[in-house]
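how would this look folded up:
(2 chains)
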Amino acid sequence: KQEVTQIPAALSVPEGENLVLNCSFTDSAIYNLQWFRQDPGKGLTSLLLIQSSQREQTSGRLNASLDKSSGRSTLYIAASQPGDSATYLCAVRQRDSSYKLIFGSGTRLLVRP
Amino acid sequence: NAGVTQTPKFQVLKTGQSMTLQCAQDMNHNSMYWYRQDPGMGLRLIYYSASEGTTDKGEVPNGYNVSRLNKREFSLRLESAAPSQTSVYFCASILRLAHEQYFGPGTRLTVT
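Alright, predicted model coming up:
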């Protein structure tokens, strides 16, 4: 059974720092991996999608990498800002008959001014 | 282009009452999903519809039913609400598996 783990569960950094959020998964038979952002009381906003054949994706100050063989993905945020404060979730889409999206429990990020 | 919309935004029910959560997407997506999000439990799949006319159970289907009314709309029904169904419910949709999944704003349900 696929399990997705995100470490750390919470992170507090001063503004301007570069930071890395980690996501690991137990079954490498994935179709793709998606990173989301969730603000308090809101829905999930898609940040980056990496296909299983890709190694990384970039969008602005965000860079996500994927190492399928080791079951790891990282989300790198450059020059963090207070507006980046949110919960970040990773999810893997199973490469099986269900093609379900399995979520980690998230990393709660606080960027202090 | 509204994306994925959900109604209502908030709802309070008494134990035993029934209600239907509505979801619609205007992106011509093929697949639609219902999740619930609980503190410490993350997001769990309740039901999904891979394509119009099909529905399948997810991880936590007990106590729920769904209807894929057409390509745009996917509703979730609680026949007899229980306090354990207090949660935030999210609807999501996707065009194809290789694409991003999009989420609605959520429905916050409290069952007393």
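
mind listing the strands for chain B?
For chain B, applying DSSP state E gives strands covering B:4-7, B:10-13, B:19-25, B:31-38, B:42-49, B:56-57, B:64-68, B:74-78, B:87-94, B:102-103, B:107-111.

now B:N1: how far from B:D26?
Using Cβ to Cβ, to the nearest Å, B:N1 is found at 6 Å from B:D26. Placement of C-beta: from N, CA and C, glycine included.

more neighbours, those two?
Comparing B:N1 with B:D26 by neighbour count (other Cβ atoms under 10 Å in any protein chain shown), the higher total belongs to B:D26, at 12 against 4.

now that one, nearest residue through space, not along the chain?
In space, and not counting its chain neighbours, B:D26 is closest to B:A2: 5.5 Å by Cβ to Cβ, 6 or more residues apart in numbering or on different chains.

report pLDDT for the one you found.
Looking at B:A2, its pLDDT is 82.

that one: how many residues sit nearby?
The number of residues packed near B:A2 is 9, by other Cβ under 10 Å.

next: B:K9.
B:K9 has 9 nearby residues by other Cβ under 10 Å.

so what's the nearest residue to A:E56 once chain neighbours are set aside bridging to?
Nearest in space to A:E56, with sequence neighbours left out and distances taken as Cβ to Cβ, 6+ apart, is A:S65 at 4.4 Å. A:S65 has these beta-bridge partners by DSSP bridges: A:E56, A:T74.

A:S65 touches A:R55, doesn't it?
Yes. In this structure, A:S65 is within contact of A:R55 by Cβ atoms under 8 Å, at 6.3 Å.
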